[in-house]
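Peer 1: Sequence first, then the predicted structure, then my questions.
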Amino acid sequence: MADAPRGSNFLTDIIDADLAAGRNGGRVVTRFPPEPNGHLHLGHAKSILLNFGLAARYRGRVHLRFDDTNPETEETEYVEGIQADVRWLAGEWSALHYASDWFERMYGCAERLIREGKAYVDSQPQEAIREQRGDFGRPGVAGPFRDRPAAESLDLFRRMRAGEFPDGACVLRARIDMAHPNVLLRDPLLYRIRHAHHHRTGDAWCIYPMYDYAHPLEDAFEGVTHSICTLEFESNRELYDWVLDALGPWEPRPRQHEFARLAVGYTVLSKRKLLQLVNERRVAGWDDPRMPTLAGMRRRGITPEALRDFAERIGVAKNNSVVDIGKLEFSIRADLEGRCPRGLAVLDPLPVTVTTWPADRVEEIEIPWWPAEPGRGGRKVPFGRELLVEREDFALEPPEGWRRLAPGREVRLAGAWRLRCDEVVRGPSGEVAGLRCSHDPSSPRPDPGDRQRVSGTLHWVHAGRSRPAEVRLYDRLFAAEQPDAAEDFLSALNPASLAVARGARVEPALAEARAGDRFQFLRQGWFFADPVDSRPGAPVFNRTITLKDAWARPAVRAEPPRPAKARAPAPAAAPPGGGRTRSDDERIAADPVLAAFHRQAMAAHGHAASVARWLLNDLLGLARERSLDTLPLSAAGFGRFVALVDAGRLTPAAGKTLLADLVTRGGEPEERMRELGLERVGDRSAVAAAVDRALAAQAPEVARYRAGEKKLLGVLLGAAMRQAQGAADAALVRELLLERLG
RNA sequence: UGAGGCGUCGUCUAACGGCAGGACCGCGGACUUUGGAUCCGCCGAUGAAGGUUCGAAUCCUUCCGCCUCAACCA
């Protein structure tokens, strides 16, 4: 199983709180629930790593579950592919389940719903049901079968299962509320008839549960505690809870939480679109190295470790976001940097004759695989009179800043001697056909000071002793950052996403690479010996990713610099009438519950304005979604609380502490105030003592404050206020603090 | 139009009433037989307006913007 990520996020916060509250008996069980109707992609990787990571972090369990409730689209091929992908990415799961394993039990639950009047068989056609559901602006209406007797529904449902009806003849529906503001709760479908062959249950069933019914039950049956899905299921949560509440009790009771799905620039992450790319032969298959599928990325040479690093870097939150693909590329490079030996390969060869080297002499140069760590071993690389260098490493008329070969220029050949270009050999039509160069036999190898003497270092191979190899140069599949924004995403395809370097030559050692080997081709990028097409002695290399290329950037740099803060100007002094905020009184009057609460509080303490202020600014926030009348604090108690503040017995700060306590625990304000020691400290020396304690505890901050970091006054003041339980007057604390800080 | 969710450097993400932090990108420098790597530095943000508070990214209000939901898919 994957290692536990270190960072925290809103989900770890939730789990921490659950654990602290003793929920689920301290268990943490997550699940990754793919539907076996396609292959997994980078977006799933985020989800897999999240669920596996959470389980690892809390020493819990993670289930792999195939959500196979739709027989028409699901296939065994996919369940096998998905298992291989998950295992590759995250390791072994704690348990493997199939939704279809629970069909019988789900069916039993459905009968129970019918018997309890919470579900009924609707015999209307699809169109009628849709019409009756209403829409956002129009409540739904009851259909003619809504009040069908339970016995009749039960009989019909059993006959549905028995196969007495054709597809679409009737459905099982939950009886919830046809006028529910959440349209998902307007008597949602639970079961539909599908006379189709299921990849696991065969023809045993002809009715299949819908997602919203099946998913919560699968979670509950499996003992899942935290059911984590993506944001678009937020509205479904209400139905998820309805199903579980109707069929409980459950221990543990699963809870659904939603996070933002992954979106990345220059790619698409939708099963439908990926399937289209495959079906229309825009790519070679699901595992085409340009595909963002796990299979594709694996074949590209990307490792699970790189993906895990990426997942950790992007974090988990609820913001809709599009991650810069540069972030993925960074993780890939960082991972490869540490794991790949460096080899020599020339993709587009330009012949070089070393005129100063004897024609028949070949010297085997020992070059370390890891230039920075020669101790990790090396190999022999043949050097001779006829060499090949990269065509793009020579320029007839070098631009400014050129650090490669050009007429008269001297460079270092990686791992070998210095080389000077003496003469350009022209072909029949005047093109550069080769170079005649001289080497400097005295140039030491290695030579730490070389950088000062030559303009750059080039990769090279021996012309005769190097070997041909197919090298596939992959680039981003899409040329536009947001292919989805285009009206047809296919139009954003990058025509240059694959180039094959057919004339490429590699040093002998690389020609012996085995499928699955990884190398950095010096100065060019990271390459992976294709596991499918490589043959012994004839590897096919996939470029996983290029090196960062600081030389290629000037073209980009020519773009205009980022606009300096094009901030929308603040609307000049908003007119008082326009966005006028309602007064406290108006707000209270507008809400009957607030008005009643305020009135009752006033009976205990007649100061309308301060009661209103505490009510609106503090109590409301503390109450959150709870209604005021369900709080353990009565309106009268609240009034007595405000009276304590107004009487000066509570400072505002202590008041907030006390109010928070009263809202959770209840109790009599004055009594709790005394129990908590919150009553205002008027005694100057007691406050001074608190200030001194705070200063002693914050020695480093005090030193920094004295050194000039005046912004730390807030921190120190806060510390002093806490020492005094908030019971000290803030002005007095400030005064004493300033006095001591000089 | 109803319901739900989300707004923090260009991008992703922290800060749970008290120092707006980190990462990627970008820019600059050091170092380097990879225009790579490494190291150092710089740049740069709380959607807006009010309110509460000694103190607000955080609590309250209003406004603005974005996303999701009206499949017998998941």
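Peer 2: Looks like it arrived, so ask away.
Peer 1: Share the number of residues neighbouring the residue lying closest to residue A:177 once chain neighbours are set aside, please.
Peer 2: Nearest-residue entry for residue A:177: residue A:185, 6.0 Å, with adjacent residues in sequence omitted and distances by CB to CB, 6 or more residues apart in numbering. Any C-beta I mention is one placed from the backbone N, CA and C, and that applies to glycine too. Per other CB atoms under 10 Å, the neighbour tally for residue A:185 reads 20.
Peer 1: ok, now how distant is residue A:185 from residue A:191?
Peer 2: Noted for residue A:185: a distance of 17 Å to residue A:191, by CB to CB, to the nearest Å.
Peer 1: again with residue A:15
Peer 2: 33 Å.
Peer 1: Neighbour count: these two, which is higher?
Peer 2: A count of neighbours by other CB under 10 Å puts residue A:191 above the other of residue A:15 and residue A:191, at 25 against 22.
Peer 1: Now the helix or strand where residue A:52 lies - C-alpha only, PDB.
Peer 2: Residue A:52 belongs to helix A:42-57 when assigned by DSSP states H and E. Once non-C-alpha atoms are left out, helix A:42-57 reads as follows in PDB (Å, rounded to 0.1, in the frame of the first residue of the first chain):
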ATOM      1  CA  LEU A  42      -4.600  10.700 -14.100                       C
ATOM      2  CA  GLY A  43      -7.800  12.000 -12.500                       C
ATOM      3  CA  HIS A  44      -8.400   8.500 -11.000                       C
ATOM      4  CA  ALA A  45      -4.800   8.500  -9.800                       C
ATOM      5  CA  LYS A  46      -5.500  11.400  -7.500                       C
ATOM      6  CA  SER A  47      -8.500   9.600  -6.100                       C
ATOM      7  CA  ILE A  48      -6.700   6.300  -5.700                       C
ATOM      8  CA  LEU A  49      -3.800   7.900  -4.000                       C
ATOM      9  CA  LEU A  50      -6.100   9.900  -1.800                       C
ATOM     10  CA  ASN A  51      -8.100   6.900  -0.600                       C
ATOM     11  CA  PHE A  52      -5.100   4.600  -0.300                       C
ATOM     12  CA  GLY A  53      -3.100   7.400   1.400                       C
ATOM     13  CA  LEU A  54      -5.900   8.100   3.900                       C
ATOM     14  CA  ALA A  55      -6.100   4.500   4.800                       C
ATOM     15  CA  ALA A  56      -2.300   4.300   5.300                       C
ATOM     16  CA  ARG A  57      -2.200   7.500   7.300                       C
END
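Peer 1: Okay, helices next: where are they in the stretch 501-650 of chain A?
Peer 2: Ranges of helices in the stretch 501-650 of chain A, per DSSP state H, counting those that start in this stretch, are A:508-511, A:553-557, A:584-590, A:592-604, A:608-614, A:620-623, A:635-646.
Peer 1: which of those is buried the deepest?
Peer 2: Ranked by mean neighbour count, the helices of the stretch 501-650 of chain A are led by helix A:635-646 with a mean of 22 (mean count of other CB atoms under 10 Å).
Peer 1: So is the helix or strand following that one next to RNA strand B?
Peer 2: Toward the C-terminus, helix A:635-646 is succeeded by helix A:652-665 as the next helix or strand (DSSP H and E). Yes: looking at helix A:652-665 against RNA strand B by CB under 7 Å from any atom of the strand, the contacts come from A:652, A:653, A:656.
Peer 1: Just send those residues back as CSV, with neighbour count too.
Peer 2: As requested, the residues of helix A:652-665 next to RNA strand B are exported to CSV (neighbours: other CB atoms under 10 Å):
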residue, neighbour count
A:652, 12
A:653, 20
A:656, 18
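Peer 1: Buried ones in stretch A:332-339, by neighbour count?
Peer 2: A:332, A:333, A:335, A:336 (16 or more other CB atoms under 10 Å).
Peer 1: Spit out the contact partners of the first one.
Peer 2: Spelled out, it's residue A:332. By CB atoms under 8 Å, 6 or more residues apart in numbering, the contact set of residue A:332 is A:302, A:306, A:310, A:526, A:544, A:545.
Peer 1: May I see these arranged in JSON lines, with neighbour count, distance to RNA strand B and pLDDT as well?
Peer 2: Compiled in JSON lines, the contacts of residue A:332 are given as follows (neighbours: other CB atoms under 10 Å; distance: CB to the nearest atom of the strand, whole Å; pLDDT from 0 to 100):
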{"residue": "A:302", "neighbour count": "24", "distance to RNA strand B": "16", "pLDDT": "98"}
{"residue": "A:306", "neighbour count": "23", "distance to RNA strand B": "13", "pLDDT": "98"}
{"residue": "A:310", "neighbour count": "25", "distance to RNA strand B": "10", "pLDDT": "97"}
{"residue": "A:526", "neighbour count": "25", "distance to RNA strand B": "9", "pLDDT": "98"}
{"residue": "A:544", "neighbour count": "26", "distance to RNA strand B": "13", "pLDDT": "98"}
{"residue": "A:545", "neighbour count": "21", "distance to RNA strand B": "10", "pLDDT": "97"}
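Peer 1: For those, which two are the farthest from each other?
Peer 2: A:310 and A:526 (15.5 Å; CB to CB).
Peer 1: Quick check: the residue nearest to residue A:627 when sequence neighbours are not counted vs RNA strand B, distance?
Peer 2: For residue A:627, ignoring the flanking residues on the chain, the nearest one in space by CB to CB, 6+ apart is residue A:593 at 6.6 Å. Distance from residue A:593 to RNA strand B, counting by CB to the nearest atom of the strand, to the nearest Å: 12 Å.
Peer 1: List the beta-bridge partners for residue A:460.
Peer 2: Note on residue A:460: beta-bridge partners residue A:389, judged by DSSP bridges.
Peer 1: which residues does the nearest residue to residue A:397 once chain neighbours are set aside contact?
Peer 2: Distances taken as CB to CB, 6+ apart put residue A:406 closest to residue A:397, at 7.6 Å, once the chain neighbours are dropped. Residue A:406 sits next to A:394, A:395, A:396, A:397, A:398, A:421 when contact means CB under 8 Å, 6+ apart.
Peer 1: where does residue A:406 land on pLDDT?
Peer 2: If you check residue A:406, the pLDDT there is 95.
Peer 1: And residue A:556, by the same measure?
Peer 2: On the pLDDT scale, residue A:556 gets 37.
Peer 1: Please apply the same query to residue A:681.
Peer 2: Looking at residue A:681, its pLDDT stands at 85.
Peer 1: tell me the contacts of it?
Peer 2: The contact partners of residue A:681, taken as CB under 8 Å, 6+ apart, are A:687, A:690, A:724, A:727, A:728.
Peer 1: State the distance from it to residue A:320.
Peer 2: From residue A:681 to residue A:320 the distance is 49 Å (CB to CB).
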